[in-house]
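> return atomic coordinates for the entry below.
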Amino acid sequence: MDVGKGEHILIVEDDFEISSIIKEVLSKFNYECEIASDGEIAFHIYETNKGKFDLVISDLGLPKISGVELFEKFYRNNPNIKFIAMSGFGHKDVQDELHSKGVSAFLSKPFNLENLLKTIRTVLDR
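Numbering: from 1, shown residues only. Here you go, the predicted structure:
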């Protein structure tokens, strides 16, 4: 399995169980993780810790601002951001739109551990 090199990941997910599981698993594979429950909190954490995060993994269906809007805010501040979008609604047109805007990768929920780790490693190694 693909393991981390101590990279910092911001997980943006409004379902606490899902975000906690992702954080727990990634921590076991040598990633440092922080969780935000909505886009506004995520953006605040990211801006407060400029340069700390190597990757953002965000659900698209978030309260307050959507995952797409969140990506656009991040991208305006850092066009080189590495951002993985995840959603339980894997519409191909949405995925294509996100890729055209600069999203690094897309994970369809539910995903397995191997796919999560492989996607993260692929994005980080680009």
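> report how many residues lie close to the closest residue in space to F16 that isn't next to it in sequence.
Distance criterion C-beta to C-beta, 6 or more residues apart in numbering; nearest residue to F16, sequence neighbours excluded, is S37 at 7.0 Å. For the C-beta atoms, the positions are set from N, CA and C on the backbone; glycine is no exception. Residues contacting S37 under the criterion other C-beta atoms under 10 Å number 17.
> what of V68?
Using other C-beta under 10 Å, the number of residues around V68 comes to 19.
> follow-up on the earlier one: hang on, isn't the residue nearest to F16 packed against E13?
Yes. Contact status for S37 versus E13: in contact at 7.3 Å, counting by C-beta atoms under 8 Å.
> identify the contacts common to those two.
Shared contacts of S37 and E13 (C-beta atoms under 8 Å, 6 or more residues apart in numbering): S19.
> hang on, the earlier thing: need the pLDDT of the residue nearest to F16.
What the model reports as pLDDT for S37 is 95.
> for the residue nearest the centre of the chain, give me its contacts.
Among the residues of the chain, the one closest to the centroid is I57, at 0.6 Å (C-alpha atoms, centre = their mean). Neighbour list for I57: I9, L10, I11, V12, E13, I22, F83, I84, M86, L107, I120 [criterion: C-beta under 8 Å, 6+ apart].
> what's the closest of the residues you listed to Y31?
Using C-beta to C-beta, I9 is the member of the contacts of I57 that lies nearest Y31, at 5.3 Å.
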